[in-house]
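Peer 1: I'd like to go over a predicted model; first the sequence, then the structure.
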Amino acid sequence: MINICAISDKNYLKFGMALYDSLLENCKQDFMLHYLCMDDETYDAMSGLGLKSVNLVKMQEIEETEDFKTLKENTVYDPSGDNTYCWALGSFFSEYLVSKLNLKDVLYVDSDICFYNSIDKMYETISKKSIAIMLHRHNEIGAYVGAYNVGVIYFKNDDPGYKCLKWWRDCVITPNNQWAEKYGTCGDQKYLEAFAPMFGEENICVIDEEIGHGAPWNMGIYKYLDNNIGGKISWTPDKNLDIGIENKTREQDMYFVHFAQFTPDYENKRYRFDRDGAWCQCGIYENPHVTNYYNDYCLRTQKHKDLAQ
């Protein structure tokens, strides 16, 4: 059983449903998607669909936990800006599931991610270690955002895995912690740079060694070796960056894409790659290979656009 968790409100439900569809398409073994519904509309809409392999969790369940008050007091819900409340929920919900349900492990996935290749093979790779993280794959890494991205992150319920997850969660819900000055510059994200020195490099899988993945901040630097969605890409890390993996060119299948800030306009049959020009320097707007992925994602999400409205 692969335990996967994701979170959304009604506005992101169309993305969450596209994620779910991609899990059905690309996961041959049993999985359970633990889905935190941030509002009643999301819970009611998903409950009415009779979805298999889904465990719906209401916000009220985690709001009753002792530490949720700390999270709420120290974060801000601002969908148009630094939404520290939602950022904190990822680690909080992951830890909640592991501790309450005694899951053997958990794979957290942002709801605006879509899979295009075998999740079984990816899981086989990441579950060899206690913790798995992925690089941003920027060719320039700003100190603010950090080297790693939290869109996909894995924890095993063993000693180093759970200790790391609990430490990460506690840091995020208490932003005045002792590590905040160095690692607290981008919500929950830059803390991932502390995982190796604090919990042992030998316990951590950087999935980029074997798993190809895309996002608007890196899809412009890839060479696309075929025209297929989910096909092979070629990628070479910047030799000037110390990112924990060997600097060599890799040919990899595109396992998943993170469609961060994707903004659809279904009525007029168009979309924006971002909300405010955030990706204008990333070389994706005129790239036909990138457009193929975004066109596909637009169709996938459009099927669910009227849910929870």
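Peer 2: Now that the structure is in, tell me what you want to look at. These figures come from a predicted structure and were not determined experimentally. Numbering: from 1, shown residues only.

Peer 1: Provide a complete list of residue ranges assigned to strands in this structure.
Peer 2: 2-8, 31-37, 54-58, 105-109, 113-115, 131-135, 148-156, 204-206, 212-214, 223-224, 232-235, 250-258, 263-265, 270-272 (DSSP state E).

Peer 1: Would you mind telling me which of these is nearest Tyr123?
Peer 2: Of all the strands of the chain, it is strand 2-8 that lies closest to Tyr123, at 5.3 Å by CB to CB. In this view, the C-beta of every residue, glycine as well, is placed from N, C-alpha and C.

Peer 1: related to what we said a few turns ago, let's have the strands of the chain in TSV, adding mean pLDDT, mean neighbour count and distance to Ser99.
Peer 2: Converted to TSV, these look like this (pLDDT from 0 to 100; neighbours: other CB atoms under 10 Å; distance: least, CB to CB, whole Å):
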stretch	mean pLDDT	mean neighbour count	distance to Ser99
strand 2-8	97	23	13
strand 31-37	98	23	13
strand 54-58	98	16	14
strand 105-109	98	23	10
strand 113-115	98	24	24
strand 131-135	95	25	16
strand 148-156	95	24	11
strand 204-206	95	20	21
strand 212-214	96	26	28
strand 223-224	96	15	42
strand 232-235	94	18	36
strand 250-258	96	21	27
strand 263-265	94	14	36
strand 270-272	92	14	39
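
Peer 1: what's the burial count for Glu64?
Peer 2: Close neighbours of Glu64, defined as other CB atoms under 10 Å, add up to 8.

Peer 1: I'd like the distance between it and Arg169.
Peer 2: 17 Å (CB to CB, to the nearest Å).

Peer 1: Ok, Ala260 next?
Peer 2: Counting by CB to CB, the gap from Ala260 to Arg169 is 22 Å.

Peer 1: out of the two, which sits in the more crowded spot?
Peer 2: Arg169 (23 against 18).

Peer 1: Not counting sequence-adjacent ones, nearest residue to that one?
Peer 2: Ser91 (4.0 Å; CB to CB, 6 or more residues apart in numbering).

Peer 1: what's near enough to touch that neighbour?
Peer 2: 108, 165, 168-169, 172-173, 188 (CB atoms under 8 Å, 6 or more residues apart in numbering).
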